[in-house]
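> Kindly generate the corresponding structure for this input.
(chains A, B, C and D)
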There are 2 protein chains.
Amino acid sequence: MTPRPYNPHQRQQAVDAGRERVLGAAREVLRLDDVASFSLDAVAKRAGVTRMTLYNQFGSRAGLLGELFDTLIERDAFSKMPSVFAQKDIGAAFDAFVGILGKFYSDNRAVMISLSGVAGTDPDLAEAMRSRHERRRIGIEGIIRKMGTKLAPSVAASELVTTLDTLLNFATFNAIAGPDRAPSAVVPHMRRLIRGVLGLSVAKSRTRKR
Amino acid sequence: MTPRPYNPHQRQQAVDAGRERVLGAAREVLRLDDVASFSLDAVAKRAGVTRMTLYNQFGSRAGLLGELFDTLIERDAFSKMPSVFAQKDIGAAFDAFVGILGKFYSDNRAVMISLSGVAGTDPDLAEAMRSRHERRRIGIEGIIRKMGTKLAPSVAASELVTTLDTLLNFATFNAIAGPDRAPSAVVPHMRRLIRGVLGLSVAKSRTRKR
DNA sequence: ACGACATTATACGCGCTGTCAAATGAATTT
DNA sequence: AAATTCATTTGACAGCGCGTATAATGTCGT
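So this is what the prediction gives:
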């Protein structure tokens, strides 16, 4: 009975490696096949693992997808936030933010589409995604608090953050891009739109020299 | 063998009545219960009908949801378009359009959420929805062509319609409303935002008294 | 009464999620 | 080397939802 001390060194490494293989497989299934054919069975097969392992590691389908979204957005987007805060003015900061998000949405478009779709029918995942979107909103609030001293936004100040957050979510990028264009192609357009909402002179977007 | 003449008068009426009962039941199931618990079984039970009848009438789950969307948006939104074109200026026209859409989205929020979710995983329904969205875009183009003579929009003219169309879709209303507020509460905010995009003086929105 | 047609009743096959119990195997400690 | 811990595997099962097939029932039209 008395449990023994047990320090898994190499053991934990193998487990973590397995986790990453599974997450990679999940990403590929979402990227290659269409949304409907995403299943834990397909992921497990592609990862060379049993379906039970997925439950051991992630608990459920929603858990797996939630963690997949986490790793992607952490690696490709939020880790680059410091460069946003390093900008000179708030216009440049949002330009940078839009660039990062646009590239992230573009690189992971198929995955994001699937994720949104599944979240639409899976309350658990919907909740998981909501808490993650929180981070984007917090980022926006941070930019405004730090750099948005004298703004004259075109919407009520109390709605400014919500408006920007909505414009910057994947659904908006994807809708503006349409079925053909990549979300990253929306970036210049989105920058103008956001400068407009912030009340910055749009003509000022000659960020070239000055 | 030789098929006989057969004129279903009263017969067809009964069938149509059945269809409406089924569509009404589908709407209620989507409105009352959560998304995940929508099933053809639940709809059939609520309509007092067998699941087979649904397949006879609508062919499939996607067919049923597509027709449901049709009847709702035709009755609650598009049938009211004439009042939009009756407005004096383009600002008032979009105010009216936003009002109609906001009310429609609010009245049918749960239904729209489910519909979007299912469309995310069902290519058939996705295509059916796309053609419906076409009508909204056409409405926007009509308003601009008819009333938007001297505009100075805050986005590129070539992107104006796309931008407005994106702002006016359900996803945007729903996202701005958040989990608690009704989409109809977003209407005033959305009106300001759209006036801003159109390049109209936002201060002019003193449509109340003042 | 007879034909046409919608609806019912019933029963499948299929795929997916989630759970359970017992066995396997590798890393770690004694 | 032997014992222990723990993830993984194996195999099976229950539940649910969609879609299909077939024969029976009912109802309207001629």
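
> residues near residue A:128, how many?
Here the count is done by other Cβ atoms under 10 Å in any protein chain shown, and residue A:128 has 18 residues near it. Every residue, glycine included, has its C-beta placed from N, CA and C.

> So it is in contact with residue A:68, correct?
No: assessed by Cβ atoms under 8 Å, residue A:128 is found out of contact with residue A:68, at 10.5 Å.

> May I have the residues that are in contact with the residue most central in space within chain A?
When chain A is reduced to its mean C-alpha position, the nearest residue by Cα atoms, centre = their mean turns out to be residue A:73, at 4.1 Å. Under the criterion of Cβ atoms under 8 Å, 6 or more residues apart in numbering or on different chains, the contact partners of residue A:73 comprise A:104, A:132, A:135.

> Please report the distance of it from residue A:81.
When Cβ to Cβ, to the nearest Å is the yardstick, residue A:73 and residue A:81 sit 11 Å from each other.

> Please report phi then psi for residue A:122.
For residue A:122, the backbone dihedrals (degrees, to the nearest 10) come out as phi -120, psi 100.

> excluding its backbone neighbours, what's nearest it?
Of all residues beyond its chain neighbours, the one nearest residue A:122 is residue A:62 (5.6 Å), with distances taken as Cβ to Cβ, 6 or more residues apart in numbering or on different chains.

> Tell me which helix or strand that neighbour sits in.
Secondary structure assigned from DSSP states H and E places residue A:62 in helix A:61-76.

> For the helix or strand just after that helix, give me every contacting residue.
Beyond helix A:61-76 in the direction of the C-terminus, DSSP H and E gives the next helix or strand as helix A:81-85. The list of residues contacting helix A:81-85 from outside it, by Cβ under 8 Å, 6+ apart, reads A:93, A:96, A:97, A:100, A:139, A:142, A:143, A:146.

> Output those in TSV; the columns should cover neighbour count.
Rendered in TSV, the data for the contacts of helix A:81-85 read as follows (neighbours: other Cβ atoms under 10 Å in any protein chain shown):
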residue	neighbour count
A:93	21
A:96	19
A:97	25
A:100	20
A:139	20
A:142	14
A:143	21
A:146	11
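
> now the helix holding residue A:62: mean pLDDT?
Averaging pLDDT along helix A:61-76 gives 92.

> before we move on, the earlier item: out of the contacts of residue A:73, which is nearest to chain B?
Taking Cβ to the nearest Cβ as the measure, chain B lies nearest residue A:132 of these, at 14.2 Å.

> residue contacts, the closest one?
Taking Cβ under 8 Å, 6+ apart as the definition of contact, the neighbours of residue A:132 are A:66, A:69, A:70, A:73.

> host element of it?
Taking DSSP H and E as the criterion, residue A:132 maps to helix A:123-147.

> Please identify the next secondary structure element, helix or strand, after that helix.
If you walk from helix A:123-147 toward the C-terminus, the next helix or strand you reach (DSSP H and E) is helix A:157-167.
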